[in-house]
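>>> quick one, structure for this:
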Amino acid sequence: MNARERFLQVLDFNSNVHSLKWDFGIWGETVDNWYAEGLPKKAYPVVSRVTTTPTRSLYAPAWLSIGEGKLSKGLAVMVGGLYWPTQGFPLAPDVTNFFGMDSPQQVVDVNLLFDPMFEVQVLHEDDETFDYIDLDGVQRRFLKSEGTIPSSMKWPITDKKSWQKLKDERLNLNRLGTRFPAGWNQRVAEYRDRNYPLAVGGYPHGFFGTLSHLIGYENLFYWYHDEPALVHDILNTFTELWMAVYEEVLAKVAVDVWHIWEDISYGRGSMISLETVREYMLPYISRVAQFLRVRGVRHVLLDTDGDCSALIPLFMEAGVTGMYPFEVHCGMDIVKVRRDHPKLQMMGGISKGEIAKGKGRIDEILKPVEEVLKTGGYVPFADHLIPPDVSFANYSYFRQKLHEMIDRHGD
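Coordinates of the predicted model:
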């Protein structure tokens, strides 16, 4: 059974099939540490210099600014749990091969934001700082020594006038063909002959996520109160755009899952009220979910960090079938979530930081994993990127024990 077939069986709660062997992702600094500690170096992760679409290439200019053949400390390398390509992140074949992981899931590389894309402009660069305008029109600052996701400084949507200009010039539904990257027909052939799960959507596409990404969190919070009609217009425009693009994709290739990126939660719950979620998110999620369902895409996975407990029933009401990564340090308990929502598909839920504490602690944090694995519909992996204090030895023990546990629950 290949990774695609297994993924679909797991999401259908088939208890006769064991789950997938993935992780959410690994920090670049962590991977470099592991090479120094014994991970065989055969295919070092490489950030692509080829720009395709914002789906794949956002942030790539920042990652590349530190120089050739280097991984930024806070860059993520992909090992299956988080889809690829996204955010300029590279794959980590040495990690997946060494630990016997399943083929990573992929997301269709298509432009779901502005067309034409903004041209990348470097505004300032020195040994410490890289300021630039990215493909999505957001002005960002990258601190090279920290090496994490660049901070947004200015956003392309600032008011009704700027939105209308972008809508008229870069969100035209009559020229969808230019949203597909070069070599699209070849990609379609590869997608059709795949052995991995294929998704549409992904980062930074969501009904809170995209707006916070292009407007800024603080501005968006005010606009919910001050500019409700404008917020709805933005949401409706992107909803119609995404459905039109997905229609074109689905005419060429079958897709397994829709990934929605929101990151709407923090350590104490949702960043916006549940009433605001219901008004500004649920109708649009429901529209796209229904649109995709009648075209054969039955699975909808939503990505949000933090404490998302109160949001789960709302998102399920709108058609979301699963969520991830269930951050443990924010209070998320996968056993409780499974008990409260027995048909919610789940991925993640293992405390990434606790892996650093060694064998005894690893054994403890894996106990609830086995309990949820027994119920099906669950892909276990860390609740975010593996940090640099997790040694190669501890991670090796973690993967060994997790793989053994996965193998005990299905063929």
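>>> Y191 contacts V253, correct?
Yes - counting by C-beta atoms under 8 Å, Y191 does reach V253; the two are 4.5 Å apart. In short, each C-beta sits where N, CA and C put it, glycine included.
>>> quick check: neighbours shared by the two?
Taking C-beta atoms under 8 Å, 6 or more residues apart in numbering as the criterion, Y191 and V253 both touch V108, L198.
>>> and the longest helix seen in the chain, what does it pack onto?
When the chain is parsed with DSSP state H, its longest helix is helix 228-250. Counting contacts by 3 or more C-beta pairs under 8 Å, 6 or more residues apart in numbering; DSSP states H and E, helix 228-250 is packed against helix 160-170, strand 198-201, helix 209-215, helix 217-226, helix 274-280, helix 282-293.
>>> tell me which residues of the last one come out buried.
Going by neighbour count (16 or more other C-beta atoms under 10 Å), the buried part of helix 282-293 is L282, Y284, I285, R287, V288, A289, F291, L292.
>>> again, but for the shortest one
Under the neighbour-count criterion of 16+ other C-beta under 10 Å, strand 198-201 has L198, A199, V200, G201 buried.
>>> from the residues you listed, pick the one nearest R170.
Proximity of the buried residues of strand 198-201 to R170 (C-beta to C-beta) peaks at G201, which lies at 19.3 Å.
>>> how about that closest one, what does it touch?
V107, L112, W242, W258, H259, I260, W261.
>>> report how many residues lie close to the first one.
What it means is V107. 24 (other C-beta atoms under 10 Å).
>>> so it is in contact with F89, correct?
No - look at V107 against F89 with C-beta under 8 Å: they stay out of range, at 11.4 Å.
>>> find residues that contact each of those two.
With C-beta under 8 Å, 6+ apart, V107 and F89 have no common neighbours.
>>> distance of the closest residue to V50 other than its chain neighbours from E169?
Sequence neighbours aside, S57 is the residue nearest to V50 in space, at 7.9 Å (criterion: C-beta to C-beta, 6 or more residues apart in numbering). Separation of S57 from E169 (C-beta to C-beta, to the nearest Å): 21 Å.
>>> equivalent analysis for V138, please.
17 Å.
>>> higher neighbour count, those two?
Higher neighbour count among V138 and E169: V138, with 22 against 11, using other C-beta under 10 Å.
>>> so that one touches T158, yeah?
No - taking C-beta under 8 Å as the definition, V138 is not a contact partner of T158, at 11.5 Å.
>>> in a strand, S152, correct?
Yes - under DSSP: H, G, I helix; E, B strand; the rest coil, S152 falls within a strand.
>>> now do it, the pLDDT please.
As predicted, S152 sits at a pLDDT of 98.
>>> look up how far V108 lies from it.
Taking C-beta to C-beta, one finds S152 at 25 Å from V108.
>>> now do the helices in the stretch 51-200 of the chain.
Remark: helices assigned in the stretch 51-200 of the chain by DSSP state H, counting those that start in this stretch are 54-57, 60-64, 93-98, 160-170, 184-192.
>>> what about the contacts of G201, which are in strands?
Under the assignment DSSP state E, the contacts of G201 contribute V107, W258, H259, I260, W261 to strands.
>>> can you verify my assumption that the last one contacts G206?
Yes - using C-beta under 8 Å as the test, W261 is close enough to G206 to be in contact (4.6 Å).
>>> neighbour count winner among these two?
G206 (25 against 22).
>>> that one - that's part of a strand, no?
No - read with three-state DSSP, G206 is coil and lies in no strand.
>>> mind checking pLDDT for it?
At G206, pLDDT is 98.
>>> quick one: contacts for it?
I260, W261, E262, D263, I264, L302.
>>> got the contact list for the fifth one?
Think I264. G206, F208, G209, S270, M271, I272, V277, T304, G306, C308, L311.
>>> again with the third one
By C-beta under 8 Å, 6+ apart, the residues touching E262 are G206, F207, F208, G209, M281, L302, D303, T304.
>>> for M281, see how far away the first one is.
Pointing back at G206 there. 8 Å.
>>> list just the nearest of the buried residues of helix 282-293 to W223.
Nearest member of these to W223, counting by C-beta to C-beta, is Y284, at 15.7 Å.
>>> quick check: the closest one touching F207?
Yes - between Y284 and F207 there is a contact under C-beta under 8 Å: 4.9 Å.
>>> hey, what's in contact with both of the two?
L235, T239.
>>> that older thread, so which of S152 and V108 has more stuff around it?
V108 (26 against 18).
>>> so what's the backbone phi/psi at the more buried one?
phi -60, psi 130 (degrees, to the nearest 10).
>>> got the contact list for it?
With C-beta under 8 Å, 6+ apart, V108 has these contacts: T55, Y191, L198, A199, V200, V249, V253, V255.
>>> make JSON lines from the contacts of E262 and add distance to S103 to it.
JSON lines is the format used below for the contacts of E262 (distance: C-beta to C-beta, whole Å):
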{"residue": "G206", "distance to S103": "25"}
{"residue": "F207", "distance to S103": "30"}
{"residue": "F208", "distance to S103": "30"}
{"residue": "G209", "distance to S103": "26"}
{"residue": "M281", "distance to S103": "32"}
{"residue": "L302", "distance to S103": "23"}
{"residue": "D303", "distance to S103": "20"}
{"residue": "T304", "distance to S103": "25"}
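>>> quick check: the farthest pair among those residues?
Maximum distance among the contacts of E262 (C-beta to C-beta): 13.8 Å, for M281 and D303.
>>> hang on, the earlier thing: highest neighbour count among the contacts of I264?
Neighbour max across those (other C-beta under 10 Å) = C308, 28 neighbours.
>>> wait, that residue touches M332, no?
Yes - using C-beta under 8 Å, C308 makes contact with M332 at a distance of 7.0 Å.
>>> hey, what's in contact with both of those two?
Shared contacts of C308 and M332, counting by C-beta under 8 Å, 6+ apart, come down to F326.
>>> residues contacting L82?
L82 neighbours (C-beta under 8 Å, 6+ apart): F24, G25, A76, F89.
>>> who wins on neighbours among those residues?
A76 (30 neighbours).
>>> could you find the closest non-adjacent residue to it?
G25 is the one closest to A76 (C-beta to C-beta, 6+ apart), at 4.1 Å.
>>> residue contacts, the one you found?
A76, V77, M78, V79, G81, L82, F89, H384, L385, I386.
>>> and those, which are buried?
Using 16+ other C-beta under 10 Å, the buried ones in the contacts of G25 are A76, V77, M78, V79, G81, L82, F89, H384, L385, I386.
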